[in-house]
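Novice: please find the sequence and the predicted model below.
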Amino acid sequence: MIRTRIAPSPTGFLHLGTARTALYSWAYARHHGGQFVLRIEDTDVARSTQDSVDQILASMRWLGLDYDEGPVYQMQRLERYQAVVQQLIAQGQAYYCYSTPEELEATREAKRTKGEKTLYDGRWRPAAGKVLPPIPQGVQPVVRFCNPPDGEVTWNDLVKGPITISNREIDDLIIVRQDGIPTYNFAVVVDDWDMRISHVFRGDEHINNTPWQINIFNALGAPLPQFGHCPVILGDDGQKLSKRRGAVSVTAYEDAGYLPEAMLNYLARLGWSHGDEELFSRAQMVAWFDGSHLSKSPAQWDPAKLLWVNAYYIKHASDERLASLVQAQLANRESTLAVPADARLQAICALFKDRCETTVALAAWAAKFYTDVQPDAIEKAQHVTDAVRPALAALADKLSACAWDKVAIGAVIKEVLAAHGFKMPQLAMPVRVLILGTAQTPSLDAVLALCTREQVLARLQTA
Ligand code: GLU
């Protein structure tokens, strides 16, 4: 049974890198008819917040990454970790360490000055015939794992290929802190074991943790999952994405008018490929994602490409759906605008969706149909001239009496053009500026038909 998981720490929002590994883990499970688990790694009590948990859950929901189990919270599993620690201690594979942070720092400093590696010196590690220091009064111990002193750890990474790290590079890691709470590297192993996780996809910042984890799996006699470490995502300046460099939360993209399928498509393609395909559905991704073709080198976040992908999905989204998204965008604006997601709003979305990269842009167009429009002064001076005013008055006159639909409005426009000897742009540009505040709009008859007659007449009057 293929079982994957995503295990975010609720110490901030679900960032893009984690969303991408969540997507890979989810798609891999779905591809194989397996299961996908959500685990909240909340053992960093000082930095974990309920707000972050809520954001993570909202992001998963928005992206449509449904999980078969979870959310499982590590802080609800402390007894289980305790039991496993006791087992390791009983087996002689973990031990209490009473070194104080000050002592440890002093030893590290001494090693640093000698140019040596600053690994833990094994002072409290039991060994046959070794006499341990007397247990100091009042010091709360940590628990350390007896890492194998030599040999090496090798795994065949699903993304990077074979990786080998020598045990001499790593030391006896702390698995339980002084406060009794397990550390990441220990809890993650117990969880992946208990949850029967078969494949772990995660960011490559965890590569250095993997040898410890493999050694702990082995000490517990637990079967090893397969590991795949995905390279970091770089910002467009080539630096790792960070809060300052474009790394905003997944939910911020929802607010900024992106569609979840665009986000998924873009994230999937960022570090994975299927031939030359750039646009693919969730179902295609599931069909294609077999864990191969994951990129070994860092991907670069490209906001312009994300916009391009989003524009494609907006263009192909149903008008009904767009109307409800635009309705939500309008309601969320500073100047809250309550607009029904009715046939009119749907028709507005239909008319403008081709020219919008986000639902925010679409909402900005829609708002012009429901609020007062202030034409751009320069455009107004340029297009609304004395030469055109008589034709505008004639147009207003005829529009006050015609049937109110695109065909009838189109016929009126043609009559006015003929009567004044104008070509379409000569009349259409000034009318667009007056009606929607800009000379660049879809075809005039369609735009006018979506306004009310009163709006059109009132706005033409401002000529
Ligand atoms: N809590 C870890 C993180 O958010 C999980 C890493 C893992 O998937 O093992 O980076």
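Specialist: Noted; the coordinates are in hand. Keep in mind the model is a prediction, meaning the values are calculated, not measured.

Novice: helix or strand for the closest residue to residue 37 other than its chain neighbours, which one?
Specialist: By the measure of CB to CB, 6 or more residues apart in numbering, the closest residue to residue 37 outside its immediate chain neighbours is residue 5, 4.0 Å from it. C-beta coordinates here come from the backbone N, C-alpha and C atoms, glycine included. Per DSSP states H and E: residue 5 is located in strand 3-6.

Novice: do that strand and the ligand meet?
Specialist: No - using CB under 6 Å from any ligand atom, strand 3-6 never reaches the ligand; the gap is at least 6.9 Å.

Novice: pull the very next helix or strand once past that strand out as CSV, backbone CA atoms only.
Specialist: Note on strand 3-6: by DSSP H and E, the next helix or strand toward the C-terminus is helix 16-31. Provided in CSV are the C-alpha atoms of helix 16-31 (Å, rounded to 0.1, in the frame of the first residue of the first chain):
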residue,chain,number,x,y,z
LEU,A,16,4.8,27.4,-1.5
GLY,A,17,7.6,24.8,-1.1
THR,A,18,5.5,22.8,1.3
ALA,A,19,2.4,23.2,-0.9
ARG,A,20,4.4,21.8,-3.7
THR,A,21,5.6,18.7,-1.7
ALA,A,22,2.0,18.3,-0.5
LEU,A,23,0.9,18.2,-4.1
TYR,A,24,3.6,15.7,-5.1
SER,A,25,2.8,13.5,-2.1
TRP,A,26,-1.0,13.7,-2.8
ALA,A,27,-0.6,13.0,-6.5
TYR,A,28,1.7,10.1,-5.9
ALA,A,29,-0.8,8.5,-3.5
ARG,A,30,-3.7,9.1,-5.8
HIS,A,31,-1.7,7.8,-8.8
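
Novice: quick one: end-to-end length of stretch 342-358, please.
Specialist: Using CA to CA, to the nearest Å, the end-to-end distance of stretch 342-358 comes to 20 Å.

Novice: pretty sure the residue nearest to residue 37 sits against residue 196.
Specialist: No - with contacts counted by CB atoms under 8 Å, residue 5 stays clear of residue 196, the gap being 10.0 Å.

Novice: show me which of these two is the more surrounded one.
Specialist: Neighbour count, other CB atoms under 10 Å: between residue 5 and residue 196, residue 5 has more, with 29 against 14.

Novice: mind checking how far the one residue in the stretch 351-463 of the chain that gets nearest to the ligand is from residue 253?
Specialist: Closest approach between the stretch 351-463 of the chain and the ligand, counting by CB to the nearest ligand atom: residue 358, at 28.6 Å. Remark: distance between residue 358 and residue 253 (CB to CB, to the nearest Å) = 9 Å.

Novice: can you check residue 229 too?
Specialist: The gap separating residue 229 from residue 253 is 25 Å, by CB to CB.

Novice: can you tell me which residues contact the closest residue to residue 58 other than its chain neighbours?
Specialist: Nearest residue to residue 58, sequence neighbours excluded (CB to CB, 6+ apart): residue 251, at 5.7 Å. With contact taken as CB atoms under 8 Å, 6 or more residues apart in numbering, residue 251 is in contact with 13-14, 55, 58-59, 62.

Novice: which SSE is residue 251 in?
Specialist: Assigned by DSSP H and E, residue 251 belongs to helix 250-255.

Novice: next secondary structure after that helix?
Specialist: helix 260-269.

Novice: so which elements touch that following helix?
Specialist: Packing partners of helix 260-269 (3 or more CB pairs under 8 Å, 6 or more residues apart in numbering; DSSP states H and E): helix 16-31, helix 50-63, helix 250-255, helix 282-288, helix 303-316.

Novice: quick one: contacts of the second one?
Specialist: Just to be clear, that refers to helix 50-63. With contacts defined as CB under 8 Å, 6+ apart, helix 50-63 is touched by 8, 10-14, 19, 22-23, 38, 40, 42, 66-67, 71, 249-251, 254, 260, 263-264.

Novice: mind running it again at 10 Å?
Specialist: 6, 8-15, 18-19, 22-23, 26, 38, 40, 42, 49, 65-67, 70-71, 73, 249-254, 258-261, 263-264, 267, 282 (CB atoms under 10 Å, 6 or more residues apart in numbering).

Novice: can I get that helix as PDB, trimmed to CA atoms?
Specialist: C-alpha atoms of helix 50-63 as PDB (Å, rounded to 0.1, in the frame of the first residue of the first chain):
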ATOM      1  CA  GLN A  50      -3.700  27.700  16.100                       C
ATOM      2  CA  ASP A  51      -3.800  30.500  13.500                       C
ATOM      3  CA  SER A  52      -1.100  28.700  11.500                       C
ATOM      4  CA  VAL A  53      -3.000  25.400  11.800                       C
ATOM      5  CA  ASP A  54      -6.100  27.100  10.500                       C
ATOM      6  CA  GLN A  55      -4.200  28.600   7.600                       C
ATOM      7  CA  ILE A  56      -2.600  25.200   6.700                       C
ATOM      8  CA  LEU A  57      -6.000  23.500   6.700                       C
ATOM      9  CA  ALA A  58      -7.600  26.300   4.700                       C
ATOM     10  CA  SER A  59      -4.700  26.100   2.100                       C
ATOM     11  CA  MET A  60      -5.100  22.400   1.800                       C
ATOM     12  CA  ARG A  61      -8.900  22.800   1.300                       C
ATOM     13  CA  TRP A  62      -8.500  25.500  -1.200                       C
ATOM     14  CA  LEU A  63      -6.000  23.500  -3.300                       C
END
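
Novice: what's the closest non-adjacent residue to the residue of the stretch 351-463 of the chain closest to the ligand?
Specialist: residue 257 (3.1 Å).

Novice: just checking, the one you found touches residue 317?
Specialist: No - between residue 257 and residue 317 there is no contact under CB atoms under 10 Å: 11.8 Å.

Novice: OK, contacts around the nearest residue to residue 206 once chain neighbours are set aside?
Specialist: In space, and not counting its chain neighbours, residue 206 is closest to residue 229: 6.4 Å by CB to CB, 6+ apart. For residue 229, the contact set (CB under 10 Å, 6+ apart) comprises 21, 155, 157-160, 163, 200-207, 209-210, 294, 296.

Novice: mind listing which of those are in helices?
Specialist: Mapping those onto helices (DSSP state H) picks out 21, 210.

Novice: give me the buried subset of the contacts of residue 229.
Specialist: With burial judged by 16 or more other CB atoms under 10 Å, the buried subset of those is 21, 155, 157-160, 163, 200-204, 206-207, 209-210, 294.

Novice: filter those residues down to the ones near the ligand?
Specialist: The residues of these that also fall near the ligand, by CB under 6 Å from any ligand atom, are 202, 206.
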